[in-house]
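mind folding the following:
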Amino acid sequence: MVAPVKSVRFVTFGCKANQYDTQVLREALLRRGMEEANSKADLIVVNTCTVTAEAGRKARKLIRRIAREQPTARICVTGCLSESEPEILRTLPGVQWVLGNGEAKRPVNFLRELGHEVDPEELGIPSGVTEFSGHTRAFLKIQDGCDMACGFCIIPKVRGASRSRPAAELCAEVQRLVLAGHVEIVLCGIHIGHWGRDLDSNLAELMEQLVDIECEDREGRPQPFRLRLSSIEATEVDAHLTSLMADRPDRIAPHLHMPMQSGSDLVLRQMNRWYDRRTYLDACARIQARLDLPAFSADVLLGFPGEGEAEFAETLAAVEEAGFARLHVFPYSPRPGTAAAEQSDRPAPELVRERRAALSEMAAGVAEAYGRSLIGRRDTVVLEGFVGLSGRYQRVRVDPKELTGLPKAVDVRLAQDPTSPLSFLGRSPLPVA
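As a prediction, this is how the structure comes out:
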């Protein structure tokens, strides 16, 4: 049996689902009496991402650096990279465990893999997490895996088929997180729009249960909170879900992150996406017509095989029409084992860099226009210190002089900052009296 360790450090790459998975493992180890360290530790758990080649390179580089700087540390590598290239990871210096995303990553099995005996009472610990220490926002992973087959994406191969967590389990976890002091709960997963398909339910039905949760502290005082949907496909934001968002703005942030990937029908077909440009934009228009100035954010992949000047121009036009509050632009990265990895008609890297700069500049202007439309609007900002995120996905800095104590959330009216042309950012928001 491996000798027990006294201290542990966690390093996480990738998405919100990975951040959540790390917290599950963190709680499992801290319950065993370990202490968490920010630098040197006996055990270092590296939770990896493999969505891009760069994500894998960064993880391998970090593991090698840890081994050089802390040669006595034991390294456990888990996450998606552990599924896509386990043999490579096992050859890296200092790596003693390579655990994937399946059964090995469950807390009980994770402890056993690390050489711990598991007491029977630990099998009854509630599923999920109890807190995200040091944060006012918490993540709630509602499902894992994906049933789709996008040409660029390796995630279905490393995460498996879509699997939903039971609604009762999720409701209980929301209550724990709110009572632990979290005022925003972000629903995340790999394909959250497919939640419930394996449970004869759907995401809107889950949201109906979550918005009705009422939490009171030990003195009987109600604890306010709001929910935010993480990445969801535009085609899966149906009328039921949109109506619920419209009816409960007190509980659901008016923000949707809806991956677009491309604004070109040709490229979308190459990607094996299941919608075309007009379907995506019509979904945006339908949601905008039902909600009050909703914020949209999205991902766009540039440099995908088949993307020429005409296709790039279509993407620029689509971004402008959608009116995104924020756009995440990524260069396409071929992943071994995906359909697109075999396609050779990719734009030259220098051309992709030029397109990325042009799209980012245009997207910044679109986001500024959206933000300006919010000036004078009242919104709740969930704070981390004196900077926070509004319901409509705006980064807001609150003047400490306007606050009493250190609140976790504050109602503000986004105000024009006369010292900055980017007044929509709310750099000088005025708290509502």
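
for the closest residue to Leu111 other than its chain neighbours, the count of nearby residues, please.
Closest residue to Leu111 apart from its sequence neighbours, by Cβ to Cβ, 6 or more residues apart in numbering: Val118 at 5.5 Å. (C-beta placed from N, C-alpha, C; glycine too.) Using other Cβ atoms under 10 Å, Val118 has 15 neighbouring residues.

now do the same for Val118: helix, strand or coil?
Put simply, Val118 is coil when judged by DSSP: H, G, I helix; E, B strand; the rest coil.

what are the phi and psi angles of Asp345?
Dihedral pair for Asp345: phi -80, psi 60, per degrees, to the nearest 10.

residue contacts, it?
Asp345 is in contact with Pro305, Gly306, counting by Cβ atoms under 8 Å, 6 or more residues apart in numbering.

check it and give its pLDDT.
Asp345 is assigned 90 on the pLDDT scale.

any idea how far it is from Ser264?
14 Å (Cβ to Cβ, to the nearest Å).

could you pull out the helices for the stretch 101-250 of the chain?
Here the stretch 101-250 of the chain has its helices, by DSSP state H, counting those that start in this stretch, at 107-113, 155-159, 167-179, 203-211, 239-247.

and the contacts of the second one?
Just to be clear, that refers to helix 155-159. When contacts are defined by Cβ under 8 Å, 6+ apart, helix 155-159 is touched by residues 50-51, 80, 83-84, 100-101, 144-149, 190, 337-338.

can you show me the CA trace of it as PDB?
In PDB, the C-alpha atoms belonging to helix 155-159 read as follows (Å, rounded to 0.1, in the frame of the first residue of the first chain):
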ATOM      1  CA  ILE A 155     -14.500  15.100 -26.000                       C
ATOM      2  CA  PRO A 156     -17.100  12.300 -26.700                       C
ATOM      3  CA  LYS A 157     -14.100   9.900 -26.900                       C
ATOM      4  CA  VAL A 158     -12.700  10.900 -23.600                       C
ATOM      5  CA  ARG A 159     -15.900  11.700 -21.700                       C
END
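
just the element for Arg353, please.
helix 349-372 (DSSP states H and E).

can you tell me what sits against the helix or strand following that helix?
Helices and strands here follow DSSP H and E; after helix 349-372, the next one along the chain is strand 378-384. Contact partners of strand 378-384, identified using Cβ under 8 Å, 6+ apart, comprise 135-137, 183-184, 226, 388-392, 394, 396, 398, 407-414, 429, 432.

pull out the buried members of those.
Listed as buried from the contacts of strand 378-384 are 136-137, 183-184, 226, 388-392, 394, 396, 398, 407-410, 412-414, 429; burial here means 16 or more other Cβ atoms under 10 Å.

please enumerate the strands of the stretch 51-200 of the chain.
Taking DSSP state E, counting those that start in this stretch as the criterion, the stretch 51-200 of the chain contains strands spanning 74-79, 95-99, 137-141, 143-144, 163-164, 184-188.

for Pro254, find the nearest of the ones you listed.
Proximity to Pro254 (Cβ to Cβ) singles out strand 184-188 among those, at 13.2 Å.

pLDDT of the closest one, averaged?
On average, strand 184-188 scores 97.

flag the shaky bits of the chain, pLDDT-wise.
Under the criterion pLDDT under 70, the flagged ranges of the chain are 1-4, 120-126, 415-433.

gap between the nearest residue to Lys16 once chain neighbours are set aside and Leu170?
With sequence-adjacent residues excluded and distances taken as Cβ to Cβ, 6+ apart, Lys16 is closest to Cys188, at 3.8 Å. The gap separating Cys188 from Leu170 is 12 Å, by Cβ to Cβ.

the stretch 301-433 of the chain: helices as residue ranges?
309-322, 349-372.

and those helices, which is most packed in?
Most buried of the helices of the stretch 301-433 of the chain, by mean neighbour count (mean count of other Cβ atoms under 10 Å): helix 309-322, with a mean of 18.

how about it as PDB, C-alpha atoms only?
In PDB, the C-alpha atoms belonging to helix 309-322 read as follows (Å, rounded to 0.1, in the frame of the first residue of the first chain):
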ATOM      1  CA  GLU A 309     -12.300  34.300 -47.500                       C
ATOM      2  CA  ALA A 310     -16.000  34.000 -48.300                       C
ATOM      3  CA  GLU A 311     -16.700  31.700 -45.300                       C
ATOM      4  CA  PHE A 312     -14.800  34.000 -43.000                       C
ATOM      5  CA  ALA A 313     -16.800  37.000 -44.200                       C
ATOM      6  CA  GLU A 314     -20.000  35.000 -43.400                       C
ATOM      7  CA  THR A 315     -18.700  34.500 -39.900                       C
ATOM      8  CA  LEU A 316     -18.000  38.200 -39.400                       C
ATOM      9  CA  ALA A 317     -21.500  39.000 -40.600                       C
ATOM     10  CA  ALA A 318     -23.100  36.400 -38.300                       C
ATOM     11  CA  VAL A 319     -21.200  37.700 -35.200                       C
ATOM     12  CA  GLU A 320     -22.400  41.200 -36.000                       C
ATOM     13  CA  GLU A 321     -26.000  40.100 -36.400                       C
ATOM     14  CA  ALA A 322     -26.100  38.000 -33.200                       C
END
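
and the protein, what are its domains?
Per automatic domain parsing, the structural domains of the chain span 7-124, 128-253, 378-431.

how about the ones you listed in CSV, adding distance to Ala369?
Compiled in CSV, those are given as follows (distance: least, Cβ to Cβ, whole Å):
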stretch, distance to Ala369
domain 7-124, 27
domain 128-253, 20
domain 378-431, 8
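
all set, thanks.
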